[in-house]
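1. Here is my input, please return the structure:
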Amino acid sequence: MPGIGNIARLFTFRSYETEKEGIEISVDIPFVDLPTVEMIAEDTGIATEELNLKIYQLCEKYAEDAALRAEEYKTAFLETGGTEEEWEAHNIRITVSYEIKQQNDKYLSFIIRGTDNWTNACQDTKYYNLDVETGKTVTLEDLLGSGCRELVNESIREQISERETAGDVFWEEDKGGFTGISENANFYINENNNPVIVFGKYEIAPGSSGEIEFEIADR
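-> Numbers count the residues shown, from 1 in each chain. All right, here's what the predicted structure looks like:
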């Protein structure tokens, strides 16, 4: 059917909030709908049901594991002299959510993020970049062509230099700084259909910088 590839959607499959032992849990689980892929699933062996099941399990597992960590933290807090009232004042909250980065007739790009507000160390983000017509994962090479790692590394080094001149702080290469992207570098596709490489907190710079992003616009 001409144009059916335009009908790619990401919407909330399940959303709930609950509270247990003074721990608030908020979960939004997305659902991927790619009609074109479903039509050709028998020929390609690709179906979105498996992807959606994995997404569902990922979101639920993060919420369960985070709740367990918080319960263990509460036990330790009370055993070391803390009170129930002091615990409640912490307002412990676990959140699982998603964000659409690009959704057009070519790509569906989104992230799923799990966070615990009681510790900066507990955050997990998964990146999904899909070809709307085939359902296959889009790679950096698909977007930038062969030799893309060299292109990306050069662009990031140039951007780091520009940001350092503007006052941003990055670690030196021999002290844990940027030495080149890995084969499985995290990225999403933005509104310009460009890949945006993402480095986690503390990965190449002090934690105060948070996540650091680099749009790769050169072709």
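
2. element containing Asp65?
-> Per DSSP states H and E: Asp65 is located in helix 48-79.

3. Give me the buried stretch members for the following helix or strand past that helix, please.
-> Remark: after helix 48-79, the chain's next helix or strand is helix 84-88, criterion DSSP H and E. The neighbour-count check on helix 84-88 (16 or more other CB atoms under 10 Å) flags Trp87 as buried. (Glycine included, C-beta is placed from N, CA and C.)

4. now stretch 96-113
-> 96-98, 101-103, 106-112.

5. now, the most widely separated pair of the residues you listed?
-> Val96 and Lys106 (27.5 Å; CB to CB).

6. State the number of residues packed around Asp142.
-> 14 (other CB atoms under 10 Å).

7. In three-state terms, label it for me.
-> Three-state assignment for Asp142 (DSSP: H, G, I helix; E, B strand; the rest coil): helix.

8. and the nearest residue to it once chain neighbours are set aside, what is it in contact with?
-> Nearest residue to Asp142 in three dimensions, chain neighbours excluded: Asp131, at 7.6 Å (CB to CB, 6 or more residues apart in numbering). With contacts defined as CB atoms under 8 Å, 6 or more residues apart in numbering, Asp131 is in contact with 106-107, 137-138, 142.

9. farthest-separated two in those?
-> Pairwise over the contacts of Asp131, using CB to CB, the maximum falls at Lys106 and Thr137, 13.8 Å.

10. all strands in the chain, in order from the N-terminus.
-> In order along the chain, the chain carries the following strands (DSSP state E): 9-20, 23-33, 93-103, 107-116, 123-131, 187-189, 195-199, 212-215.

11. Paired strands for the longest one, with orientation please.
-> Spelled out, that is strand 9-20. Next to strand 9-20 in the sheet, as set by DSSP bridges, lie strand 23-33 (antiparallel).

12. in the strand it pairs with, what counts as buried?
-> For strand 23-33, by 16+ other CB under 10 Å, it's 23, 25, 27-33.

13. Taking their axis directions, it and strand 107-116 sit at what angle?
-> 170 degrees (axes from the mean of the first three to the mean of the last three CA atoms, to 10 degrees).
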